[in-house]
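Colleague: just coords:
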């Protein structure tokens, strides 16, 4: 069986979508001739021409505004924000218009727009290039937020996002772009709005997504040597959350740890902790714990290994939960 990377899976999904539907357009900074900073759009301009895969000026607000207009006229634009921190200049377009126009028109205007955002750390880059802005988009009603952790999900979930008639923020964990798995494309995985148990366990539920799924799985293997059985749940969809799968896991294990790269305060872990205590309080054997980034700007590259949650930080919380 052939091996595939996340970057290749995303590229293949875009290529297949463009071949199937001439309304699918791909554009952003350096996505055309260069093929994107991470080469996710490599070869698309050569295959489909400059009218369907093209470079834009360095104006994120203009890029998203243009995409909204194209979506209003029936196209299915797929926009790449070159880096996570570059979304901030487009914040007003995303929050005030992209997220709200369908509701403002009582559903008569649909916006089938996919906003691809490479996000997270682990590549030795500085702030604006290693951000985790998911809380902004999850908090914004009207946006669907997906994040794949595997090449298989990258292919399947991106296709589902682009085919949606509503706006989707598609977060791509950049440090996992070159992760290889043995798989054949095309592939269809579980529906994107459904969380997936990546590893079954009985003692602690570890909830994670995107770049932290591999880290959590590594921690689960190490925990087994200590006699602890961790269940690793990949959320996949951050908005909406698959609350039933989350609660079902916690009900069985009685303990929960949430792992994400984003800063701790008002991160997704806080929301999960609230929902778990609302629906599964009497099943909990310990408080819901969080392994997260710190409440500081993203650090210089030499310090990011201390800033990012790692296997040891997860295992410390497992020990704390098991001792409760």
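Modeller: Thanks, I have it. Values in this document were obtained by computation on a predicted structure and should not be read as measured data. Residues are numbered from 1 along each chain as shown.
Colleague: describe which strands the longest strand along the chain pairs with in its sheet and in which direction.
Modeller: Under DSSP state E, the strand in the chain containing the largest number of residues is strand 256-263. Using DSSP bridges, the strands paired with strand 256-263 in its sheet are strand 204-208 (parallel), strand 289-293 (parallel).
Colleague: can you redo these as TSV with mean pLDDT, distance to residue 242 and mean neighbour count?
Modeller: Placement of C-beta: from N, CA and C, glycine included. Shown next, in TSV, are those (pLDDT from 0 to 100; distance: least, CB to CB, whole Å; neighbours: other CB atoms under 10 Å):
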stretch	mean pLDDT	distance to residue 242	mean neighbour count
strand 204-208	98	10	29
strand 289-293	98	19	22
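Colleague: about what we covered before: next one: the longest strand of the chain to chain centre, how far?
Modeller: Strand 256-263 has its C-alpha centroid displaced from the chain centroid by 13 Å (CA atoms, centre = their mean, to the nearest Å).
Colleague: what residues of the next helix-or-strand element following it count as buried?
Modeller: Using DSSP states H and E, the helix or strand that directly follows strand 256-263 along the chain is helix 268-280. Neighbour counts over helix 268-280 (16 or more other CB atoms under 10 Å) mark 268-273, 275-276, 280 as buried.
Colleague: where along the stretch 151-300 of the chain do the helices fall?
Modeller: With helices called from DSSP state H, counting those that start in this stretch, the stretch 151-300 of the chain shows them at 151-163, 212-225, 243-253, 268-280.
Colleague: need the winner for burial among the ones you listed.
Modeller: Greatest average neighbour count among the helices of the stretch 151-300 of the chain goes to helix 151-163 (a mean of 24), per mean count of other CB atoms under 10 Å.
Colleague: gap between the closest residue in space to residue 99 that isn't next to it in sequence and residue 48?
Modeller: Take residue 99 and drop its neighbours on the chain: the residue closest to it by CB to CB, 6 or more residues apart in numbering is residue 142, 3.4 Å away. Using CB to CB, to the nearest Å, one gets 30 Å for the distance from residue 142 to residue 48.
Colleague: please apply the same query to residue 137.
Modeller: Distance from residue 137 to residue 48, counting by CB to CB: 28 Å.
Colleague: so between the two, which is more surrounded?
Modeller: Regarding residue 137 and residue 48, a neighbour count based on other CB atoms under 10 Å identifies residue 137 as having more, with 23 against 19.
Colleague: state the helix or strand in which that one lies.
Modeller: Judged by DSSP H and E, residue 137 forms part of helix 134-139.
Colleague: and that helix, which residues are buried?
Modeller: Neighbour-count burial for helix 134-139, counted by 16+ other CB under 10 Å, picks out 134-138.
Colleague: who touches the most centrally placed residue in the chain in this structure?
Modeller: What sits nearest the mean C-alpha location of the chain, by CA atoms, centre = their mean, is residue 147, with 2.2 Å. Applying CB atoms under 8 Å, 6 or more residues apart in numbering to residue 147 gives the contacts 119, 134, 170-173, 209-210, 235-236, 238.
Colleague: got the domain ranges for the protein?
Modeller: By the record's domain assignment, the chain is partitioned as 3-182, 196-323 (automatic domain parsing).
Colleague: related to what we said a few turns ago, of the buried residues of helix 268-280, which is the nearest to residue 294?
Modeller: Nearest to residue 294, judged by CB to CB, of the buried residues of helix 268-280 is residue 269 at 13.0 Å.
Colleague: show the model's pLDDT score for that closest one.
Modeller: Per-residue confidence (pLDDT) for residue 269: 98.
Colleague: so what's it up against?
Modeller: Neighbour list for residue 269: 258-260, 288, 290, 292 [criterion: CB under 8 Å, 6+ apart].
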